[in-house]
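> got a predicted structure here, sequence first:
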Amino acid sequence: MKVVVIGGTGLIGSKLVAKLGEHGHEAVPAAPNTGVNTLTGEGLAEVLTGASVVVDVSNSPSFEDDAVMEFFRTSTTNLLKAEANAGVTHHVALSVVGTERLQESGYFRAKQAQEGLIKDSGIPYSIVHATQFFEFMKGIAEAATDGDTVRLAPVKIRPIFSDDVAAAVGRTAVGTPVGGVVEVAGPEEFQLDELIRKGLAAKKDPRQVVTDVHAPYFGAELQETTLLPGPGAHIAETRFADWLAQQR
């Protein structure tokens, strides 16, 4: 089948295109650098011609509240309209475990708005909620850094390797639309502050991680289980220590 991957040249998208291609599907990466822009609509009609499935793994270039909301509202609206015109029969979107519990955050409000547009579109859909990627630990540390200090809450998290996320999204894309959310998470549970401490130490980063129960996470205060998936989540295989060893 023809599967168009929006954000198909990024971290998850490029892995997804490769995995789908290995399984015999026509996987087409769509991004501004391939001539497809979901914000302006440029190239959408052309790339969606003959597509059965669209997978949206794109992300906003800015996490600023208004900018990220504008990105997800505009891009998703344009994309869904073009899909309806092209006769696409399955829309798959990658989102984040805990989105509905993180509404103090402008970023997660925007992701929730994106999910709402998908659910109301009338196009059969599946939404994949993944826990945070191992590769995003650096971004979490940066967002929580003040000088040489990284302030993080001691809450539970099950981070996941991006390869495992791409595999889960790929399985969902070639399956029957679920009309709801499927969750995927890593095999190990950590405390967020300890996880980032391990990651910084492995990189010989001198910043000090300070445990602070009120430390915001992209603008939202966390409860102990905010970032954890539910009991029905698919559990991936790659362990954090194995991934870290690959980075050296």
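Thanks, I have the structure now. Just so it is clear, the structure is predicted and the values come from calculations on it, not from any experiment.
> which parts of the chain are helices?
Secondary structure of the chain, counting by DSSP state H: helices at 11-22, 44-48, 65-86, 106-119, 137-143, 162-173, 192-202, 240-247.
> most tightly packed of these?
Of the helices of the chain, the one with the most neighbours on average (mean count of other C-beta atoms under 10 Å) is helix 162-173, at a mean of 22. The C-beta positions use only the backbone N, C-alpha and C, and glycine is treated the same way.
> which residues sit against that one?
The contact list for helix 162-173, computed with C-beta atoms under 8 Å, 6 or more residues apart in numbering, reads 3, 11-12, 15-16, 19-20, 23, 53, 55, 57, 90, 92, 94, 126, 128, 130, 133-135, 178, 182, 184, 186, 234, 236-238.
> just stretch 223-237 next, same as before
Contacts of stretch 223-237 (C-beta under 8 Å, 6+ apart): 97-98, 101-102, 129, 131-132, 155-158, 160-161, 164-165, 167-168, 182-187, 189, 192, 217, 220.
> which ones among these lie within strands?
In strands, defined here by DSSP state E, the members of the contacts of stretch 223-237 are 129, 156-157, 182-185, 217, 220.
> and the residues you listed, which is closest to Asn78?
Distance to Asn78, by C-beta to C-beta, is smallest for His129 among these, at 23.1 Å.
> out of the ones in strands among the contacts of stretch 223-237, who has the most neighbours?
Ile157 (30 neighbours; other C-beta atoms under 10 Å).
> so it bridges to which residues?
In this entry, Ile157 is beta-bridged to Phe190, by DSSP bridges.
> distance of it from Arg248?
Using C-beta to C-beta, to the nearest Å, we find Ile157 at a distance of 23 Å from Arg248.
> pull the helix or strand with minimum mean pLDDT from the chain.
Least confident helix or strand of the chain, by mean pLDDT, DSSP states H and E, is helix 240-247 with a mean of 90.
> what angle separates that helix from helix 162-173?
Going by axes from the mean of the first three to the mean of the last three C-alpha atoms, to 10 degrees, helix 240-247 is angled at 110 degrees with respect to helix 162-173.
> for stretch 27-42, what is the average pLDDT?
The average pLDDT for stretch 27-42 rounds to 97.
> now the end-to-end length of that stretch.
Using C-alpha to C-alpha, to the nearest Å, the end-to-end distance of stretch 27-42 comes out at 19 Å.
> going forward, the N-terminal residue is numbered 34.
Right, with 34 as the first residue, what we last looked at is stretch 60-75.
> for it, buried residues please.
Within stretch 60-75, the residues scored as buried using 16 or more other C-beta atoms under 10 Å are 60-65, 69-71, 74.
> out of those, which sit inside strands?
Using DSSP E, these in strands are 60-63.
> picking that back up, which strands and helices sit next to the least confident helix or strand of the chain?
The helices and strands touching helix 273-280, judged by 3 or more C-beta pairs under 8 Å, 6 or more residues apart in numbering; DSSP states H and E, are helix 225-235.
> helices or strands next to the helix it packs on in the packing?
When contacts are defined as 3+ C-beta pairs under 8 Å, 6+ apart, helix 225-235 packs onto helix 170-176, strand 182-185, strand 189-190, strand 241-244, helix 273-280.
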